[in-house]
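A.B. asks: Need a 3D model of the sequence below.
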Amino acid sequence: MILQPIVDLVSLCAKKGIRHAILSPGSRCAPITLAFARHPEIHTKTISDERSAAFIALGMAQQLGQPVALVCTSGSAAYNYAPAVAEAYFQQIPLLILTADRPPEWIDQWDGQTIRQTEIYGKHVKGFFQFPDEFGHADKVWHANRIVNEAINLAADFPEGPVHINIPLREPFYPEKEERFDFDKDLQVINQLKGKPTLSADQKKVIEQDLLRFRKILIVPGQQFPDVALRQILDQIAANHQAVVVTDSISNLQSSHTICLHDHYIGNSELRNSLRPDLIISFGKSIISKGLKLFLRSSEAAHWHIQPAGYAPDTYQHLEKTISCDALDFLQLIGQTVESNLDFAKHWTSLEEKVRKHLPATIYRAEFGEYKALQTALAKIPAASKIHVANSMAVRYLNFLGRINPEVYCNRGTSGIDGSSSTAVGCAFVSDGFVTLITGDMAFFYDRNAYWHSYPIPNLRIILLNNHAGGIFRLIDGPARQPELEEYFETKQPLSAKSLAAEFGFGYHAAADQQSLESGLDNFYEKSERPKILEILSESPKNAEVLKWVKAQIATVLK
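C.D. replies: Down below sits the predicted model:
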């Protein structure tokens with residue numbers, strides 16, 4: 001039997017601009033799955049592992065800038081979406097989550113594949129909606145229509161994020177042979193008009209007057225999607241020394257004039273006083289550098305956070321005001337009015353120039369390992385490639401190296417390792433050019449189901465740093481001093497990606513020294529019919545020693 005309100009749900013998705021749906025197999029979700037699969041305007045893919053499916057949808061929505069639909073059956077399948085739902089919530093990425101459910105009378109009755117799905121994602125979704133469980137009255141149909149409109153509008157409204165519709169379904173689920181799906185029904189579409197908030201003339205005067213209090217201004221953008229206009233205005237502000245602009249690799253706003261190598265000197269107690277700001281201006285989401293966070297928390301500087309709407313976190317513990325406007329509008333005002341202390345700016349830029357001058361040669365002199373290998377590999381990644389980077393050491397190495405790349409993505413909403421590969425696969429699904437995943441072995445093997453599907457991803461390139469352990473724990477003082485380090489923190493593992501590459505038909509090259517690495521990079525970015533893996537093999541203790549040695553060498557240069 002065809003349930004027309006379910007068909008209408010999918011029709012409304014298409015009418016409101018949703019073009020992609022990721023489906024996971026199941027019987028209870030069959031009415032939703034078939035409606036999406038048969039709609040002529042929606043592209044569907046089926047991913048068996050719901051955890052991977054949700055991260056793949058996240059990676060797609062991240063690139064598309066519009067909601068991607070997720071469909072799964074009832075029971076624990078819905079729970080497997082949870083890590084990606086939380087990540088999407090904190091990264092502000094729009095997802096429309098559609099979970100099939102048992103009818104309400106069968107909850108808590110020991111029926112198969114039945115759990116309590118109402119508000120299952122708690123406070124990690126922007127909104128939860130319970131779809132009607134029957135449509136005998138016209139108001140029920142009207143209510144279902146309204147729910148879908150509201151849910152999609154909410155997912156796409158600032159700040160964007162995941163929205164959940166739970167859909168109770170009764171048997172029979174499957175259409176009869178002669179039944180046809182009606183996607184041409186005239187449906188009420190509720191649209192919303194959105195505009196970017198701008199500062200009024202009076203507000204600008206107040207801000208201009210308030211800015212006169214400050215002479216040492218530090219602009220710290222957090223994680224956000226690439227924005228050419230923002231990059232240009234920040235480059236201009238930094239070049240004119242109107243403010244110091246500190247950019248992590250995930251800000252996607254780095255330039256030759258911004259501070260990118262701060263991790264190498266921000267923790268130096270002898271240099272801190274000359275680097276302290278009296279005003280911190282932030283926008284975007286989180287930053288990577290723990291050292292920078294601790295420095296800013298200890299600075300006692302005032303903190304202004306810029307964003308169009310929503311809650312504002314007090315990351316640096318000195319939040320003085322939030323300004324509700326578009327970041328570009330505010331930065332244009334900064335560019336027109338601010339004159340910062342020149343000595344303050346020069347302290348930052350002189351340290352940056354010293355590190356920029358000596359770091360490449362220092363790493364070149366180091367023994368072979370992850371740090372040196374990644375520096376070599378980054379030089380070979382095409383400028384147009386989107387870079388997805390896993391959490392833990394991979395993203396920190398990237399930040400240490402100060403790579404200036406137009407597009408860097410990392411799941412820093414929750415900072416977990418569980419969906420890095422799947423997110424990169426989702427990006428590759430909707431990208432024409434190369435997508436490069438830089439990942440550690442723990443993240444890679446944890447998310448191996450990212451590749452368990454039948455869809456081609458020839459544009460994906462995987463740089464795998466395999467030290468057979470969770471190497472970051474050797475760099476954290478607490479676990480590094482414990483006798484249980486190797487068994488309970490590093491979690492040693494003997495795996496290689498060679499078997500996975502053979503299983504899925506990927507190109508594969510292993511590198512255990514500089515010569516084999518350079519050999520593997522020679523044709524790594526040549527076009528191919530399948531993805532390619534470059535596995536860089538090293539030892540966790542040696543990597544920790546190299547990193548400490550490089551830090552010591554740079555510290556000597558800065559004295």
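A.B. asks: if we look at stretch 10-23, which residues are touching it?
C.D. replies: 29, 32-33, 35-37, 39, 41-47, 53-54, 56-57, 60, 64, 66-72, 96, 145, 148-149, 152-153, 183, 185, 187, 189, 191, 430 (C-beta atoms under 8 Å, 6 or more residues apart in numbering). Every C-beta, even on glycine, is put in place using the N, C-alpha and C of the backbone.
A.B. asks: Would you mind checking the average pLDDT for that stretch?
C.D. replies: For stretch 10-23, mean pLDDT rounds to 97.
A.B. asks: Then stretch 278-297?
C.D. replies: For stretch 278-297, the per-residue pLDDT averages 94.
A.B. asks: for it, the distance to its chain's centre please.
C.D. replies: 18 Å (C-alpha atoms, centre = their mean, to the nearest Å).
A.B. asks: what distance separates the start and the end of that stretch?
C.D. replies: End-to-end distance of stretch 278-297 (C-alpha to C-alpha, to the nearest Å): 12 Å.
A.B. asks: Now do the buried residues in that stretch.
C.D. replies: 278-289, 292-293, 295-296 (16 or more other C-beta atoms under 10 Å).
A.B. asks: got it, and stretch 219-233?
C.D. replies: Buried, per 16+ other C-beta under 10 Å, within stretch 219-233: Ile219, Val220, Pro221, Gly222, Gln223, Gln224, Asp227, Leu230, Arg231, Ile233.
A.B. asks: Do you know the pLDDT at Gln188?
C.D. replies: 90.
A.B. asks: what number of residues lie near it?
C.D. replies: Counted with other C-beta atoms under 10 Å, the neighbours of Gln188 add up to 11.
A.B. asks: thinking again about what came up before, could you tell me which of the buried residues of stretch 278-297 belong to helices?
C.D. replies: Leu292, Lys293, Phe295, Leu296 (DSSP state H).
A.B. asks: following the helix or strand hosting Asn145, which helix or strand shows up next?
C.D. replies: Following DSSP states H and E, one finds Asn145 within helix 138-156. The helix or strand immediately downstream of helix 138-156 is strand 162-168, counting by DSSP H and E.
A.B. asks: Describe which strands that following strand pairs with in its sheet and in which direction.
C.D. replies: In the sheet, strand 162-168 lines up against strand 95-101 (parallel), strand 127-130 (parallel) (DSSP bridges).
A.B. asks: out of these, which comes closest to Ala510?
C.D. replies: With C-beta to C-beta as the measure, strand 95-101 is the member of these nearest Ala510 (36.4 Å).
A.B. asks: Tell me what angle the closest one forms with helix 138-156.
C.D. replies: If you take axes from the mean of the first three to the mean of the last three C-alpha atoms, to 10 degrees, strand 95-101 sits at 140 degrees to helix 138-156.
A.B. asks: how many neighbours does the nearest residue to Asp447 once chain neighbours are set aside have?
C.D. replies: Leaving aside its sequence neighbours, Asp447 sits nearest to Ser421 (C-beta to C-beta, 6 or more residues apart in numbering; 4.1 Å). As a burial measure, Ser421 scores 29 neighbours (other C-beta under 10 Å).
A.B. asks: List just the nearest of the buried residues of stretch 278-297 to Arg396.
C.D. replies: Ile288 (6.9 Å).
A.B. asks: between the buried residues of stretch 278-297, which is closest to Val163?
C.D. replies: Lys285 (19.0 Å).
A.B. asks: tell me the secondary structure for the spatially most central residue of the chain?
C.D. replies: Among the residues of the chain, the one closest to the centroid is Asn411, at 3.5 Å (C-alpha atoms, centre = their mean). Here Asn411 is recorded as coil under DSSP: H, G, I helix; E, B strand; the rest coil.
A.B. asks: Please apply the same query to Glu105.
C.D. replies: helix.
A.B. asks: One more: Leu351?
C.D. replies: helix.
A.B. asks: quick one, what contacts it?
C.D. replies: Tyr265, Leu271, Leu275, Leu558.
A.B. asks: For Leu271, see how far away it is.
C.D. replies: Relative to Leu271, Leu351 is positioned 7 Å away (C-beta to C-beta, to the nearest Å).
A.B. asks: shared neighbours, these two?
C.D. replies: Joint contacts of Leu351 and Leu271 (C-beta under 8 Å, 6+ apart) are Tyr265, Leu558.
A.B. asks: show me where pLDDT drops low in the stretch 401-550 of the chain?
C.D. replies: Counting by pLDDT under 70, the ranges of the stretch 401-550 of the chain that qualify are 470-480, 484-490.
A.B. asks: CA-only coordinates of stretch 170-190 in PDB, if you can.
C.D. replies: Output in PDB follows, covering the C-alpha atoms of stretch 170-190 (Å, rounded to 0.1, in the frame of the first residue of the first chain):
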ATOM      1  CA  ARG A 170       2.200   0.300  10.100                       C
ATOM      2  CA  GLU A 171       2.200  -2.700   7.800                       C
ATOM      3  CA  PRO A 172       1.700  -3.200   4.900                       C
ATOM      4  CA  PHE A 173       4.800  -1.300   3.800                       C
ATOM      5  CA  TYR A 174       5.100  -2.300   0.200                       C
ATOM      6  CA  PRO A 175       3.000  -1.000  -2.800                       C
ATOM      7  CA  GLU A 176       1.000  -3.400  -4.900                       C
ATOM      8  CA  LYS A 177       2.100  -4.100  -8.400                       C
ATOM      9  CA  GLU A 178      -0.500  -1.800 -10.000                       C
ATOM     10  CA  GLU A 179       0.000   1.100  -7.600                       C
ATOM     11  CA  ARG A 180       1.800   4.200  -8.800                       C
ATOM     12  CA  PHE A 181       3.600   7.000  -6.900                       C
ATOM     13  CA  ASP A 182       2.000  10.400  -7.400                       C
ATOM     14  CA  PHE A 183       4.700  13.000  -7.200                       C
ATOM     15  CA  ASP A 184       2.600  15.600  -9.100                       C
ATOM     16  CA  LYS A 185       0.200  16.500  -6.300                       C
ATOM     17  CA  ASP A 186      -0.300  20.200  -5.700                       C
ATOM     18  CA  LEU A 187       1.300  20.700  -2.300                       C
ATOM     19  CA  GLN A 188       1.500  23.700  -0.100                       C
ATOM     20  CA  VAL A 189       5.100  24.900   0.100                       C
ATOM     21  CA  ILE A 190       6.000  27.200   3.000                       C
END
